[in-house]
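In: Okay, here's the prediction I keep looking at, along with the sequence it came from:
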Amino acid sequence: MIDRETYEKLEQRVKDLEKEKLELLEKVSEIKPEIFSENLDLKSIINIDEVQSIMDDFHYLTNMVTAILDMKGEVIESTGWQDICTKFHRVHLETSHNCTKSDLYLSKNLKPGEYVDYKCKNGLWDVVTPLYVGTNHLGNIFTGQFFYDDDEIDEDFFIKQAEKYGFDKEPYLDAFKNIPRYNKETIDHLMSFLVKFTTYISKISFSNLQLEKEIKKRKRAENALKESEAHMRSLIDSLPDLVWLKDTNGVYLSCNSKFERLFGAKKKDIIGKSDYDFVDEKLADFFRKNDEIAMAAGKPCINEEEVTYADDGHTELLETIKSPMHNFEGKLIGVLGVGRDITERRKNEEERTKLKTDLQQAQKMESVGRLAGGVAHDFNNMLSIIMGNTDMLLEDIDSLNPGIENLQEIQKAAKRSANLTRQLLAFARKQTIAPKVLNFNDAVDGMLKMLSRLIGEDIELAWLPFKQLWPVKIDPSQIDQVLANFCVNARDAIKSVGKVTIETENVSFDKAYCHDHAGFKPGDYVVMAFSDDGCGMDNETLKYLFEPFFTTKENGRGTGLGLATVYGIVKQNKGFINVYSEPGQGTTFKIYFPRYNQTTTIVEKTNTRKTAKTGNETILLVEDEKAILRTTSMILKRLGYKVLSASTPGKAIEIIEELASKDIDLLITDVVMPQMNGRDLSKKILQSCPNIKCLFMSGYTANVIAHHGVLDSDVKFINKPFSKQDLAYRIREVLDHEQF
């Protein structure tokens, strides 16, 4: 047992600790504040048993109470506490709260090497010095539960405290009497020891933490390296590209799992071998040549390689980048290769090239379409004058007059010109149409006799309709145009004896099918296939097949507008067209029209044309082209009608205002006019004359009475140029409420 005479030895230990403290403070001043910024546990970094033993000796020598508390108030070490605290003050809730308040007060804002004293609310003195590890304040060392020898001790305060808190007065006062008294000099000496002792603990703890931190850092580095290597291996193996490394002699040093599939071998079986062990000599020579090119160039080189995988036999086109590899001394050690599958990319590039060509083709066709729309109005106006006056001259001239043949030639030329204009408008999708819901089979049935005559007796016509065909919505006249153009082309392609086949069918396409077949769109369609066993066409001809004015026929035998017209009709009806042909193998056209899904009565296609009728009603004729106004007015008068002519919309309104509505039966008006278009004029006139019927006429309607070429449902219309007979039919259809 150590006796009190050993106090001198303890004092010597304090001096040694003071020296170590200065060394530690010097080290601590060099440490960045964040070095131990993480949450530290005081119990985990000091040897509690050893500290407890030292503090027990300290108590034996000094009779001083000690305690080490962490920043949460948890007691780490305690020695020699007074009974008045352990049996009374720390037991009662309120006095225990007073102790806690004292502890918290003492533990705040303390710096290393400092100590403070404080008289707690329970009447006893406490002294504390902070415990730092590095720059982290982790706890405090307390001593206390004493009186200073110069204190005036108020015994009545403790008697009243016993009464207030219900302490057993006699043992409480006995505990009070055992409280030690110290002078300030003794406390200063004792605290000097504790300050130096905390410095010693700080030094040991700091060293331990540094060692632990270094160990953790090294372990983290090792784990990070392992993780990085595993991550890199996983990353390389997960790449869709082939990755490999060869030495300067072409011997494999490493590869990823995708590369293993190429050779059909594991990495361990590939390393140490060359290309000649896995592929034929010619391909191995090719690989080796490109390795040498990259090493000689001293920079990455790109080449393409078509390879066949040993694991499943599929072939890929690879874009390979080969890069020379050097060590830290700059010495060439081999070649790193990365091979990327560009099979799909090449396919897409080819598809984009095709789409670009198709776009240019579409833009060229659109330009022709705009040209057609631009000239159609004026051109058809001129043809109207020619055809109208020719019709009247042919009526008036004697059949024996030699000039009649000239007039007939003029009439034929005008009709051919009108037909050319209609074909251009059809190609440009600017043709004015009146779609009806119908059965495609019925439409073809009605055309068979005419088609047979068109192709001639030497060509067999086979008709194979699908019985449960879906309905479509299309202008019946457009079906006639399509079939007629196909037949003319088939006849010219066969030239002698042959066969033409027309088939219908229902088809449906999903997104997956359309993705793999350019030009197809998802949905339900009615398809008509038109096949012939004629001479067929080569790929160069197929490129330009639907262009206007493109023809393979001799001069004078074709305008080159037939298939362009078909193309425009199909596109105007939101369909698409495909052609299959080879020289000497004939040709098959397939046109797809969208299925009509709404419930509507199907219109039977019948020939309703009758002999031209005359009438005696009053017609208001509005036309800004004076020559057309004069010619049309003369035709109407010859048909028996009373005609009121107006060269402007304003003049027409004046006529309406002057006459009662009952005096005018029909308004015939041009669509495109200055000041006001024909549709607006009809609306204005109908406001004051609601019973007047209206017939529009135009060579190009734009979007005034039609949307994308489709007539509004309430519109009655006649295309310019028209013959006297056509005009007579249409007037009676409007006045007599007949459908057309």
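Out: Cool, got the structure. Everything quoted here is computed from the prediction, not taken from an experiment. Numbering: from 1, shown residues only.
In: Need the pLDDT of V643.
Out: Per-residue pLDDT puts V643 at 92.
In: What count of nearby residues applies to it?
Out: Using other C-beta atoms under 10 Å, V643 has 17 neighbouring residues. Where C-beta positions appear, they are placed from N, C-alpha and C, glycine not excepted.
In: gap between V127 and V116?
Out: When distance is defined by C-beta to C-beta, to the nearest Å, V127 is 7 Å away from V116.
In: Please identify which of these two sits among more neighbours.
Out: V127 (22 against 16).
In: For that one, give the beta-bridge partners.
Out: Here V127 shows beta-bridge partners D117, T143, assigned using DSSP bridges.
In: hang on, it packs against H189?
Out: No. At 12.0 Å, V127 and H189 do not qualify as touching, with contact defined as C-beta atoms under 8 Å.
In: outside of stretch 179-187, which residues touch it?
Out: 63, 82, 84, 117, 124, 127, 145-151, 190 (C-beta atoms under 8 Å, 6 or more residues apart in numbering).
In: Number of residues surrounding Y252?
Out: Y252 has 23 neighbouring residues, counting by other C-beta under 10 Å.
In: Spit out the contact partners of it.
Out: When contacts are counted by C-beta under 8 Å, 6+ apart, Y252 touches W244, L245, K246, I270, I271, G272, K273, S274.
In: Please state the offset of the helix or strand hosting E50 from the chain centre?
Out: Using DSSP states H and E, E50 sits in helix 48-62. Relative to its chain's centre, helix 48-62 lies at 73 Å (C-alpha atoms, centre = their mean, to the nearest Å).
In: packing partners for that helix?
Out: On a contact count with 3 or more C-beta pairs under 8 Å, 6 or more residues apart in numbering; DSSP states H and E, helix 48-62 meets helix 7-30, strand 66-70, strand 75-79, helix 184-238.
In: With just CA atoms, put it into PDB.
Out: What follows is helix 48-62 as a C-alpha-only set of coordinates in PDB (Å, rounded to 0.1, in the frame of the first residue of the first chain):
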ATOM      1  CA  ILE A  48     -10.500   2.900 -18.000                       C
ATOM      2  CA  ASP A  49      -9.100   0.300 -15.600                       C
ATOM      3  CA  GLU A  50      -5.600   2.000 -15.700                       C
ATOM      4  CA  VAL A  51      -7.100   5.400 -15.300                       C
ATOM      5  CA  GLN A  52      -9.300   4.200 -12.400                       C
ATOM      6  CA  SER A  53      -6.200   2.800 -10.700                       C
ATOM      7  CA  ILE A  54      -4.300   6.000 -11.000                       C
ATOM      8  CA  MET A  55      -7.200   8.000  -9.700                       C
ATOM      9  CA  ASP A  56      -7.600   5.600  -6.800                       C
ATOM     10  CA  ASP A  57      -4.000   6.300  -5.800                       C
ATOM     11  CA  PHE A  58      -4.600  10.000  -6.200                       C
ATOM     12  CA  HIS A  59      -7.600   9.800  -3.800                       C
ATOM     13  CA  TYR A  60      -5.500   7.700  -1.300                       C
ATOM     14  CA  LEU A  61      -2.800  10.400  -1.300                       C
ATOM     15  CA  THR A  62      -5.000  13.500  -1.400                       C
END
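In: average pLDDT across it?
Out: On average, helix 48-62 scores 84.
In: now stretch 440-449
Out: 85.
In: Straight-line length of it, end to end?
Out: Distance between the two ends of stretch 440-449: 16 Å, counting by C-alpha to C-alpha, to the nearest Å.
In: Name the residues of it that are buried.
Out: F440, N441, D442, A443, V444, G446, M447 (16 or more other C-beta atoms under 10 Å).
In: Over to stretch 150-170?
Out: F158, Q161, A162, Y165, F167.
In: about what we covered before: would you mind giving me the ChimeraX syntax to select the buried ones in the contacts of stretch 179-187?
Out: Restricted to buried positions by 16+ other C-beta under 10 Å, the ChimeraX selection for the contacts of stretch 179-187 reads:
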select :82,84,117,124,127,145,146,147,148,190
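In: Relative to G339, which of the contacts of stretch 179-187 is nearest.
Out: Lowest distance from G339 to the contacts of stretch 179-187 (C-beta to C-beta) belongs to V127, with 77.1 Å.
In: Wait, a strand at F696?
Out: Yes. Counting by DSSP: H, G, I helix; E, B strand; the rest coil, F696 is part of a strand.
In: Share the number of residues neighbouring the closest residue to it other than its chain neighbours, please.
Out: The spatially closest residue to F696, leaving aside those adjacent along the chain, is F717, at 4.8 Å (C-beta to C-beta, 6 or more residues apart in numbering). By other C-beta under 10 Å, the residues close to F717 number 21.
In: Against C694, how distant is F717?
Out: Using C-beta to C-beta, F717 is found at 10 Å from C694.
In: ok, now Q408?
Out: Here Q408 is placed at a distance of 34 Å from C694 (C-beta to C-beta).
In: Between those two, tell me which one has more neighbours.
Out: Legend: neighbour count by other C-beta under 10 Å for Q408 and C694, higher for C694 (21 against 12).
In: Surely the more buried one touches I718?
Out: No. In this structure, C694 is not within contact of I718 by C-beta under 8 Å, at 11.5 Å.
In: Can you dump the C-alpha atoms of stretch 132-142 in CSV for me?
Out: Extracted in CSV, the C-alpha atoms of stretch 132-142 (Å, rounded to 0.1, in the frame of the first residue of the first chain):
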residue,chain,number,x,y,z
TYR,A,132,-9.2,17.0,-25.1
VAL,A,133,-8.0,14.5,-27.6
GLY,A,134,-6.4,16.4,-30.4
THR,A,135,-8.7,19.4,-30.9
ASN,A,136,-11.8,17.4,-29.8
HIS,A,137,-13.3,18.2,-26.3
LEU,A,138,-14.4,14.7,-25.3
GLY,A,139,-15.0,15.0,-21.5
ASN,A,140,-14.1,16.5,-18.2
ILE,A,141,-12.2,15.5,-15.0
PHE,A,142,-14.0,16.7,-11.9
